[in-house]
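Engineer: Here you go, sequence then predicted model.
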Amino acid sequence: MRIILCGFGVVAQSLVKLFDSRSEDLYAKYGLKPRVVGVFDSKGSAVDVSGLSLSKLVETKKKFGTVKNYANTKNSMSGIEMLKNVEADVLIETTASNYKDAEPGMTHITTAMKKGMHVISVNKGPLALAFPSLMELATYNQVMFKFSGTVGGGTPILDYAKNSLRGERITSFAGILNGTTNYILTNMSTGLSFESALKDAQDKGYVEADESLDLDGLDAAAKLVILANWIMGMKVTLPDIDCTGIRKVTIEDIKKAEKNNSVLKLIASCDNKLVVSPKEIHKDDPLGVNGTLNAIAFTSEHSGTQTIIGKGAGGTETASSILRDLLDIRQEIAKN
Ligand SMILES: NC(=O)c1ccc[n+]([C@@H]2O[C@H](COP(=O)([O-])OP(=O)(O)OC[C@H]3O[C@@H](n4cnc5c(N)ncnc54)[C@H](OP(=O)(O)O)[C@@H]3O)[C@@H](O)[C@H]2O)c1
């Protein structure tokens with residue numbers, strides 16, 4: 001399978017390492033032979049239609065800070081030139097999530113779809129701002145559009161609700177979809193101030209470069225948009241979410257929750273409304289997970305409430321979700 005990778009940061013590098021270490025088993029078990037024919041980052045690109053050396057790509061990125069130095073050529077193709085001119089089956093979009101205009105990911109995804117490429121995105125920006133129209137574009141161009149890693153990292157939250165609960169009518173769901181704010185709130189429950197808990201999370205590398213994405217609930221809201229569209233069949237985008245982050249949470253709020261035998265969590269919920277907001281969760285509720293964990297409870301008409309818990313981020317974990325998407329695409333192609 002010929003692959004173009006947009007972005008070569010934590011997730012994309014984890015993915016190529018996974019391809020390298022699992023190549024024999026992926027082929028033997030699933031018939032999957034990933035051939036990365038092009039990669040670009042913010043500074044340049046590397047192309048080889050017969051397949052790039054994955055270890056050399058990682059080494060080049062480490063040494064020069066860009067994949068541009070992979071070959072000894074002065075000029076490298078721009079990302080858009082690559083998407084338009086290099087033949088590939090799948091585009092994997094891993095550039096940074098941007099909730100203002102969704103670029104550059106939006107242009108990568110739409111260009112690839114129009115060219116007939118299947119698309120896997122872990123970038124939430126384009127889905128948060130234009131989920132319904134991207135689905136239409138994929139259908140119009142008869143390509144598959146997969147995004148398992150956008151919610152829950154490697155924890156298969158979308159697959160669980162869509163496939164394991166198939167036939168069910170999910171009536172509502174609520175969950176902790178952002179590990180960073182969960183880590184901060186967990187630490188505040190041990191007595192740390194908001195500022196100290198934030199500093200600790202920053203020191204551990206848990207906070208996005210633009211801290212507002214975590215603290216103001218934007219990341220959780222983007223995931224809520226994806227869930228609402230994909231699981232509940234809604235046609236919503238980011239402005240439809242009533243979103244409050246955790247900046248105003250005080251130690252007094254945490255203590256008040258404790259008196260009620262509860263913990264305070266940033267909860268994204270879909271009931272009558274789509275809301276992201278700090279909320280008290282009873283201590284016995286399986287949703288009340290600590291640290292950087294994510295948890296989501298789906299309530300269905302016939303099978304009651306089920307909670308799925310797991311790590312919500314991480315390079316290797318998110319790469320494993322891309323692999324699941326690739327295997328689905330491989331299976332569909334083989335069927336047809
Ligand atoms: N990390 C996780 O645990 C996780 C989990 C789920 C989803 N995600 C999502 O996955 C995506 C990637 O995450 P990450 O952690 O791998 O981020 P990252 O390490 O910051 O990597 C982002 C990559 O995008 C590249 N990029 C930025 N602007 C570009 C442009 N205009 N053209 C081409 N490439 C460009 C960067 O290039 P340079 O290398 O040149 O800077 C970098 O290689 C994000 O959207 C994130 O929200 C991440």
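Structural biologist: Perfect, I can see it now. Since we're looking at a predicted model, the values are computed, not measured.
Engineer: Who are the contact partners of residue 271?
Structural biologist: 172, 174 (C-beta atoms under 8 Å, 6 or more residues apart in numbering). C-betas here are computed from N, CA, C, even on glycine.
Engineer: and it, backbone torsions?
Structural biologist: Dihedral pair for residue 271: phi -130, psi -110, per degrees, to the nearest 10.
Engineer: Now do the contacts for residue 165.
Structural biologist: 298, 300, 303, 306.
Engineer: among the residues you listed, which two are most distant?
Structural biologist: 298 and 303 (8.9 Å; C-beta to C-beta).
Engineer: which residues in the stretch 151-300 of the chain form strands?
Structural biologist: For the stretch 151-300 of the chain, the strands defined by DSSP state E, counting those that start in this stretch occupy 170-176, 242-243, 262-270, 274-282, 293-300.
Engineer: Which of those sits closest to residue 156?
Structural biologist: Nearest to residue 156, of the strands of the stretch 151-300 of the chain and by C-beta to C-beta, is strand 293-300 at 11.1 Å.
Engineer: Give the partner strands of the following helix or strand past that closest one in its sheet and their orientations.
Structural biologist: Later in the chain than strand 293-300, the nearest helix or strand by DSSP states H and E is strand 304-311. Its sheet considered, strand 304-311 pairs with strand 293-300 (antiparallel) by DSSP bridges.
Engineer: got the residues of this structure near the ligand?
Structural biologist: By C-beta under 6 Å from any ligand atom, the residues of the chain that approach the ligand are 6-12, 40-43, 66, 79, 94-97, 104, 122-124, 149, 153, 313-315, 318.
Engineer: Need phi/psi at the residue in the chain that the ligand sits nearest to.
Structural biologist: Residue nearest to the ligand within the chain: residue 9 (1.9 Å; C-beta to the nearest ligand atom). As for residue 9, its main-chain torsions (degrees, to the nearest 10) stand at phi -100, psi -150.
Engineer: What distance do you get for it to residue 51?
Structural biologist: Look at residue 9 and residue 51: by C-beta to C-beta, to the nearest Å, they are 21 Å apart.
Engineer: and what of residue 102?
Structural biologist: From residue 102 to residue 51 the distance is 30 Å (C-beta to C-beta).
Engineer: So which of these two has more stuff around it?
Structural biologist: residue 102 (22 against 13; other C-beta atoms under 10 Å).
Engineer: Report whether the expected contact of residue 270 with residue 224 is present.
Structural biologist: Yes: with contact defined as C-beta atoms under 8 Å, residue 270 and residue 224 form a contacting pair (6.6 Å).
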